[in-house]
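**Q** Model the following, please.
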Amino acid sequence: MKNNRLRSKLKSGSAILVLLLFSGGSAFAQQFTLAAYHTENIEPAPPAPAIQPAQFPGATEGHKFFDRENKLLFAATTAAAAADFAVTYQNLQSGGKELNPVTRLFSGSTAGLAVNFAGETAGVVGLSYFFHKTGHHRLERLTPMVNVGASAVAVAYGLSHR
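**A** Down below sits the predicted model:
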């Protein structure tokens, strides 16, 4: 049995070797020499042109991070977070339950709840700053807007389910 396997491997190995020898002969027939090329006719390639970044219409380029619009957006974010804190605190004091699983972790104490909403506001400002630094100015403005909307929905829900 071992003998048959060995014989089979030798046959296939021999066939591959013969195939390589016959096909490799044409590679040796090629004559390549650098002496055939005249280097005085070779010129360097021209430098590639610099690529300019595309400017999108409506993009606010070069504004400061704490410009008037961002100040208003961050003030609205802070006000919405404060309103959300007040409604959440009042509902928790009257026996309600926090629906947000992340905020629920901090709802055991007033200080924990305040830290949660302050951290949320700081996170929005930080994410907005990240978008500003990476040139995503529309996302920079959109981040606090989305947060204000989410806080407004939470406040409306909390007020309607007292």
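
**Q** Burial check on the residue lying closest to residue 147 once chain neighbours are set aside, number of neighbours?
**A** Spatial nearest neighbour of residue 147, chain neighbours left out: residue 124 (4.7 Å); criterion: C-beta to C-beta, 6 or more residues apart in numbering. (Each C-beta comes from the backbone N, C-alpha and C, glycine too.) The tally of other residues near residue 124 (other C-beta atoms under 10 Å) stands at 23.

**Q** For this structure, which residues score under the pLDDT cut-off?
**A** Scanning the chain for pLDDT under 70 picks out 1-2, 6, 17-41, 53-61.

**Q** any chance you could map the helices in it?
**A** 2-28, 68-93, 101-106, 110-133, 137-160 (DSSP state H).

**Q** Of all those, which one comes closest to residue 43?
**A** helix 2-28 (31.4 Å; C-beta to C-beta).

**Q** Could you dump the helices of the chain into TSV with distance to residue 45 added?
**A** Output for the helices of the chain, formatted as TSV (distance: least, C-beta to C-beta, whole Å):
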stretch	distance to residue 45
helix 2-28	30
helix 68-93	46
helix 101-106	57
helix 110-133	36
helix 137-160	38
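
**Q** between the ones you listed, which gets nearest to residue 47?
**A** It's helix 110-133; of these, that one is closest to residue 47 (C-beta to C-beta) at 30.6 Å.

**Q** Run the angle between that closest one and helix 137-160 for me.
**A** Using axes from the mean of the first three to the mean of the last three C-alpha atoms, to 10 degrees, the inter-axis angle of helix 110-133 relative to helix 137-160 is 160 degrees.

**Q** Show me what helix 110-133 is packed up against.
**A** In terms of contacts (3 or more C-beta pairs under 8 Å, 6 or more residues apart in numbering; DSSP states H and E), helix 110-133 is packed against helix 68-93, helix 101-106, helix 137-160.

**Q** what would those look like in a markdown table with mean neighbour count?
**A** Compiled in a markdown table, these are given as follows (neighbours: other C-beta atoms under 10 Å):
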| stretch | mean neighbour count |
| --- | --- |
| helix 68-93 | 17 |
| helix 101-106 | 13 |
| helix 137-160 | 16 |
